[in-house]
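>>> here's a sequence, model it:
(chains A, B, C and D)
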2 protein chains.
Amino acid sequence: MGASKTDHFTDKQNAIAVMAKALGHPARVAIIEYLLKVDTCICGDIVNELPLAQPTISQHLKELKNVGLIKGSIEGNAICYCVEEKALTVLQKFFTHVTTKMEKKKNNCC
Amino acid sequence: MGASKTDHFTDKQNAIAVMAKALGHPARVAIIEYLLKVDTCICGDIVNELPLAQPTISQHLKELKNVGLIKGSIEGNAICYCVEEKALTVLQKFFTHVTTKMEKKKNNCC
DNA sequence: TTATTATATTGCAATATTACGATATAGTTT
DNA sequence: AAACTATATCGTAATATTGCAATATAATAA
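The predicted structure follows:
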């Protein structure tokens, strides 16, 4: 065991989980925030900004890219990383849906 | 290594990451959705609903509780679990903030 | 071509997560 | 009290994550 049984859950649940998991590390939250803060979004900048070694950051960027939260395009010999609007909007909608549902319930129990 | 260097990030980044991580498993997303769907929110129901053994679900509930996404109160010999509004609202606000920032940028690069 | 710069990949050690059988705990019913 | 029900904890195997030094790759500059 150790691997999660993704087949038993809905596609949406898996999609949310995969993206949430990618944001389940402060460095990756920091990367997203940094990409939104600056206009130039080159990987090198992130290495200077975060207290982690270059290979580690490269790895975190790869994970964010794998789940579709960011995209990268080659820009000379550097790489321009940007947030992927669509993916982040999916998360935003999910949590807005959740909070809306909560308000409707207003503590039926507990 | 293997543990993340949480000291090097802001409290907010760590808070978001910890909650996102907790939702980084489809079973835990399913639990939150189930708690919002039903009125009775007893753990036993969740065991019947999800394709996981009782100890595994107990463990997932514990994790959600540890990061403050749900709360549980004793109800006879069962336990009533409910979503914790405050925590989920923090996530909702974070992602709304992120999407709002994205719209303002409108692809300056990439 | 040889350096230099920017990023990725490999390999590996330390640690964390996931899953569940077995068992413990605690309240409820008989 | 004894049996039952509901949930938690323990122990442990399988797997995943985190972090980084060393190294590879690829574009640019000299």
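>>> quick one: mean pLDDT for stretch A:26-43?
Across stretch A:26-43, the average pLDDT comes to 88.
>>> ok, now stretch A:100-110?
75.
>>> flag every buried residue along stretch A:70-82.
Neighbour-count burial for stretch A:70-82 flags A:Ile70, A:Gly72, A:Cys80, A:Tyr81, A:Cys82 (criterion: 16 or more other C-beta atoms under 10 Å in any protein chain shown). In this view, the C-beta of every residue, glycine as well, is placed from N, C-alpha and C.
>>> nearest spatial neighbour of A:Lys105, skipping sequence neighbours?
Once flanking residues are discounted, A:Lys105 sits nearest to B:Leu36: 7.0 Å by C-beta to C-beta, 6 or more residues apart in numbering or on different chains.
>>> stretch A:15-31 close to DNA strand D?
Yes. Judged by C-beta under 7 Å from any atom of the strand, stretch A:15-31 comes into contact with DNA strand D through A:Lys21, A:Gly24, A:His25, A:Ala27.
>>> any bit of the one helix or strand A:Gly72 maps to sitting next to DNA strand D?
Taking DSSP states H and E as the definition, A:Gly72 sits inside strand A:70-75. Yes. Under the criterion of C-beta under 7 Å from any atom of the strand, DNA strand D is reached by strand A:70-75 at A:Ile74.
>>> what's next to the longest helix along chain A, contact-wise?
Identified as the longest helix of chain A according to DSSP state H is helix A:85-105. The contact list for helix A:85-105 (C-beta atoms under 8 Å, 6 or more residues apart in numbering or on different chains) reads A:15-16, A:19-20, A:23, A:32, A:67-69, B:32, B:36, B:39, B:83, B:85, B:88-89, B:91-92, B:95-96, B:98-99, B:102.
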